[in-house]
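K.L.:
one predicted model, sequence on top.
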Amino acid sequence: MAVPVTVPRLGEEMRSAILIQFLVPAGGAVTRGQPLYELDTDKVTQEVEAEADGVVLRIDASEGGEYEVGAVLAWIGEQGEELPSPA
């Protein structure tokens with residue numbers, strides 16, 4: 001089952017973050033704990049690790065875009081898996 005990649009809350013006051021870049025492209029394999037993307041908040045720029053093993057099935061976010069905590073940025077799963085339509 002595909003797992004959504006969401007913006008994590010990196011601090012109590014954090015409400016949103018800017019996506020700097022994905023470090024693994026769509027179609028690329030990832031392992032849990034591997035750096036997946038970079039976020040910029042008011043206080044820090046941080047690499048965020050993948051929370052699942054699999055393939056980056058789709059990236060729904062744009063580099064440079066600002067996203068609220070919990071927003072879906074991408075999907076990780078098994079190659080060929082069905083995904084919900086992008087928001």
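P.N.:
Cool, got the structure. Residues are numbered from 1 along each chain as shown.

K.L.:
so who does residue 2 touch?
P.N.:
57, 75-78, 81-83 (C-beta atoms under 8 Å, 6 or more residues apart in numbering). Using the backbone N, CA and C atoms, a C-beta is placed for each residue, glycine as well.

K.L.:
need the nearest residue in space to it, chain neighbours excluded.
P.N.:
Nearest non-adjacent residue to residue 2, counting by C-beta to C-beta, 6 or more residues apart in numbering: residue 77, 3.4 Å away.

K.L.:
hmm, that neighbour is touching residue 1, no?
P.N.:
Yes. Using C-beta atoms under 8 Å, residue 77 makes contact with residue 1 at a distance of 6.8 Å.

K.L.:
re earlier: residue 30: which of the contacts of residue 2 is nearest?
P.N.:
Using C-beta to C-beta, residue 76 comes nearest to residue 30 of the contacts of residue 2, at 6.3 Å.

K.L.:
in what helix or strand does that closest one lie?
P.N.:
Using DSSP states H and E, residue 76 sits in strand 72-77.

K.L.:
rounded mean pLDDT for that strand, please.
P.N.:
What strand 72-77 shows for mean pLDDT is 97.

K.L.:
show me where this protein has its strands.
P.N.:
3-6, 16-22, 29-30, 35-40, 45-49, 54-59, 66-68, 72-77 (DSSP state E).

K.L.:
pull out the buried positions in stretch 39-46.
P.N.:
Within stretch 39-46, the residues that count as buried by 16 or more other C-beta atoms under 10 Å are 39, 41, 46.

K.L.:
whoops, stretch 45-59 was the one
P.N.:
So for stretch 45-59, counting by 16+ other C-beta under 10 Å, buried means 46, 48, 50, 52, 54-59.

K.L.:
need the contact partners of the strand holding residue 76.
P.N.:
1-7, 19, 22, 26, 30, 36-37, 50-61, 67, 83, 87.
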